[in-house]
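1. Return a 3D structure for these sequence lines:
(one chain, ligands or ions: 3)
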Amino acid sequence: MLPVADAERLILDLIQPLSETETVSLESATGRILAASVTSGLDFPYWDNSAMDGYAVRWEDLKSCDRTHPQTFPIIEEIPAGSQPQKTLESGQAARIFTGAIMPPGADTVIMQEDTERNGDTVTILAAPQPYDFVRKKGEYYQAGTTLLNTGTLIDAPELAILASAKCNPLKVYRRPRVAIFSTGDELITPDQSLTPGKIVDSNQYALTAFLISQGAVPINLGIVPDQTQQLKATISRAIRTADFVLSTGGVSVGDYDYVQDVLTQLGGKIHLNSVAIKPGKPLTVATFNQNNQPCVYFGIPGNPVSALVTCWRFVKPALQKLSGNAEDPRGKFIQGRTNQALKASGKRETYLWGNVVWQGTEYQFNLAGGVHSSGNLINLATTNALAVVPVGETLIHPGSMVQIMTFR
Ligand SMILES: Nc1nc2c(c(=O)[nH]1)N[C@H]1C(S)=C(S)[C@@H](COP(=O)(O)OP(=O)(O)OC[C@H]3O[C@@H](n4cnc5c(N)ncnc54)[C@H](O)[C@@H]3O)O[C@H]1N2
Ligand code: MOO
Ligand SMILES: [Mg+2]
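-> Ligands and ions are numbered 1, 2, ... in the order given. All right, here's what the predicted structure looks like:
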């Protein structure tokens, strides 16, 4: 059994990021990965503008001004946001200005309204300002011509807003990863088929589809394949020709009907691992194929429904992130939190126990899901958001102890 961290590293080393790109509009760019760095010809802010509703002035005029030595100036114009100032501010003058409005030429400082008294066409300043107070200088956030966003950036809310502000439309992004999924097992039926004794609905197909969509990948559903080498061979051959990754569930353990690894070998796949010291998820089998120089990574995921999802969160997610061209460190992310219940494990495998992590004002706390902790029990996995980790060698983590936690939503 390979330690979890080694398995993660081994898997990540097998992945080559996608190089194919496509062009998308800003409107459909959320969740996509930039395939070229973006440089703007615009400064941010675009122009010197006011950060407050108040009065634009010359700081030189107010050097000795304060509440006990107020200064009164005529107001030469009013500048709302969106309009262009018409006058140059001379010494001894003020302009009424609003948040976001362009600074008038000649002015260098804004006095916020609360530090003034208005009297018809004049304003009395009661504050002792610093030079450039409340002025957002042209280019102080970003200078035109420098890199705005790098290749490999995931486009989420702030990035999309930046790209819109920089008028970058359309955008060059990496194509989405294509991931074939199928379920193996003679016991499997679709939700609309009748439930005869021994059968079970193929829930993994749905779990993996939802997981892939949440990761920005395109699922290619190949359905249910019986425990039969010829049919497995046909489906796997088709899958590796059409997808970047293949995720199958079931048939990777040691049972007489667990044929996946044999078929992968028969088809010329190179097996990189078939046993990881993780619970749930031990028999994860990873192979690679090279189809006309098109690399394909095959994940033979254990069939137990919780094992399947934990494997996706712990191993497939980082792999997909690297494949997608996302430049962030793809390795699993953990936080520290205090467990409110005892966490038990065998000590032989790194054990992931599901529950809910909540921020309690000063720290994260973990509440273990009630009910049976079995890799076959999907029911108590629902509405959880995190997995607490019991390391190899530990059999009991006491309530109140700090633990490593991996969040998955
Ligand atoms: N003698 C041993 N038996 C088992 C071992 C072992 O080391 N020695 N490992 C156990 C572990 S750990 C796991 S995990 C499972 C993995 O089994 P497989 O990947 O071979 O999966 P199957 O045997 O096909 O199915 C396991 C279980 O999951 C149910 N299943 C399968 N596919 C689906 C699906 N698409 N949707 C819902 N449920 C599914 C299936 O009915 C079985 O109950 O092996 C242990 N055994
Ligand atoms: O590793 Mo299995 O996934 O414990 O049930
Ligand atoms: Mg099996």
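
2. Test for you: state the pLDDT assigned to the most centrally placed residue in the chain.
-> Among the residues of the chain, the one closest to the centroid is Leu154, at 7.3 Å (Cα atoms, centre = their mean). We note a pLDDT of 98 for Leu154 in this prediction.

3. just checking, it touches Ile33?
-> Yes - look at Leu154 against Ile33 with Cβ atoms under 8 Å: they come within range, at 5.8 Å. (Each C-beta comes from the backbone N, C-alpha and C, glycine too.)

4. what's the overlap in contacts for the two?
-> Taking Cβ atoms under 8 Å, 6 or more residues apart in numbering as the contact rule, Leu154 and Ile33 both touch Asn326.

5. returning to what we had before: how about the residue nearest to the residue nearest to the centre of the chain when sequence neighbours are not counted, phi and psi?
-> Once its chain neighbours are removed from consideration, Leu154 has its nearest residue in Asn326; the separation is 5.4 Å (Cβ to Cβ, 6 or more residues apart in numbering). Note on Asn326: its backbone torsions stand at phi -60, psi 130 [degrees, to the nearest 10].

6. Might one say that Asn326 is in contact with Ile155?
-> No - in terms of Cβ under 8 Å, Asn326 does not count as a neighbour of Ile155; the distance is 10.2 Å.

7. what sits in contact with each of the two?
-> Between them, Asn326 and Ile155 share the contacting residues Ile33, judged by Cβ under 8 Å, 6+ apart.

8. Spell out which parts of the stretch 251-400 of the chain neighbour ligand 2.
-> When proximity is defined as Cβ under 6 Å from any ligand atom, the stretch 251-400 of the chain approaches ligand 2 at Lys279, Pro280, Gly281, Lys282, Pro302, Asn304, Ser307, Ser375.

9. Mind giving me the ChimeraX command for buried ones among those?
-> Once 16 or more other Cβ atoms under 10 Å is used to decide burial, the buried members of these can be selected in ChimeraX as follows:
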select :279,280,281,282,302,304,307,375
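
10. Out of the residues of the stretch 251-400 of the chain next to ligand 2, list just those in helices.
-> In helices, defined here by DSSP state H, the members of these are Ser307.

11. which among the residues of the stretch 251-400 of the chain next to ligand 2 gets closest to Tyr257?
-> Nearest to Tyr257 among these: Pro302, at 14.0 Å, using Cβ to Cβ.

12. Just confirm the closest one contacts Gly251, I think it does.
-> No - contact between Pro302 and Gly251 fails when scored by Cβ under 8 Å: they sit 9.2 Å apart.

13. Please report how far the residue of the stretch 251-400 of the chain found nearest ligand 1 lies from Pro283.
-> Nearest to ligand 1 in the stretch 251-400 of the chain, going by Cβ to the nearest ligand atom, is Gly303, at a distance of 2.7 Å. When Cβ to Cβ, to the nearest Å is applied, the distance between Gly303 and Pro283 equals 9 Å.

14. Touching both of these two, which residues are there?
-> For the pair Gly303 and Pro283, residues contacting each of them under the criterion Cβ under 8 Å, 6+ apart are Val252, Ser253.

15. which residues sit in contact with the residue nearest to Ser237 when sequence neighbours are not counted?
-> The shortest distance from Ser237 to any non-neighbouring residue, by Cβ to Cβ, 6+ apart, is to Leu267 (6.3 Å). The contact partners of Leu267, taken as Cβ under 8 Å, 6+ apart, are Lys233, Ile236, Ser237, Ile240, Phe289.

16. Ramachandran angles for Leu267?
-> Dihedral angles of Leu267 (phi, psi; degrees, to the nearest 10) stand at phi -80, psi 0.

17. what sits against Pro177?
-> Applying Cβ under 8 Å, 6+ apart, one finds that Pro177 lies in contact with Leu18, Gly216, Ala217, Val218, Asp244, Phe245, Leu320, Leu323, Ser324.

18. same question, Lys137
-> Pro45, Asp48.

19. Look up the pLDDT of it for me, please.
-> 98.

20. Any figure for the gap between it and Phe44?
-> With distances defined as Cβ to Cβ, the gap from Lys137 to Phe44 amounts to 10 Å.

21. ok, Asp227 - how many residues close by?
-> For Asp227, the count of nearby residues is 19 (other Cβ atoms under 10 Å).

22. Does it touch Ser253 like I think?
-> No - between Asp227 and Ser253 no contact is recorded; they are 11.8 Å apart, counting by Cβ under 8 Å.

23. can you count the residues close to Asn119?
-> Using other Cβ under 10 Å, Asn119 has 10 other residues around it.

24. Who is it paired with across the strands?
-> Applying DSSP bridges to Asn119 gives these bridge partners: Thr122.

25. Hmm, Cys312 is touching Ile301, no?
-> Yes - taking contact to mean Cβ under 8 Å, the distance of 7.1 Å between Cys312 and Ile301 places them in contact.

26. can you list residues touching both of those two?
-> The contact sets of Cys312 and Ile301 overlap at Leu208, Leu247 (Cβ under 8 Å, 6+ apart).

27. So these two - more neighbours on which side?
-> Counting neighbours by other Cβ under 10 Å for Cys312 and for Ile301 shows that Ile301 has the greater number, 31 against 26.

28. which stretches of this structure form helices?
-> Taking DSSP H as the criterion, the chain carries its helices at 4-14, 157-165, 204-214, 229-242, 260-266, 305-311, 317-323.

29. right, is the third one up against ligand 1?
-> Pointing back at helix 204-214 there. Yes - with Cβ under 6 Å from any ligand atom as the threshold, helix 204-214 lies in contact with ligand 1, specifically through Asn204.

30. low pLDDT regions in this protein?
-> Within the chain, the segments meeting pLDDT under 70 span 292.

31. Quick check: residues of it near ligand 1?
-> The interface of the chain toward ligand 1, taken as Cβ under 6 Å from any ligand atom, is made up of 183, 185, 187-188, 200, 202-204, 249-255, 258, 280, 282-283, 302-305, 307, 375-376.

32. at 8 Å what do you get?
-> By Cβ under 8 Å from any ligand atom, the part of the chain that sits against ligand 1 consists of 183-185, 187-188, 200-205, 207, 224, 227, 249-255, 257-258, 260, 279-283, 300-305, 307-308, 375-376.

33. List buried residues within those residues.
-> With neighbours counted by 16+ other Cβ under 10 Å, the residues of the chain next to ligand 1 contain buried members at 183-185, 188, 202-205, 207, 224, 227, 249-253, 258, 260, 279-283, 300-305, 307-308, 375.
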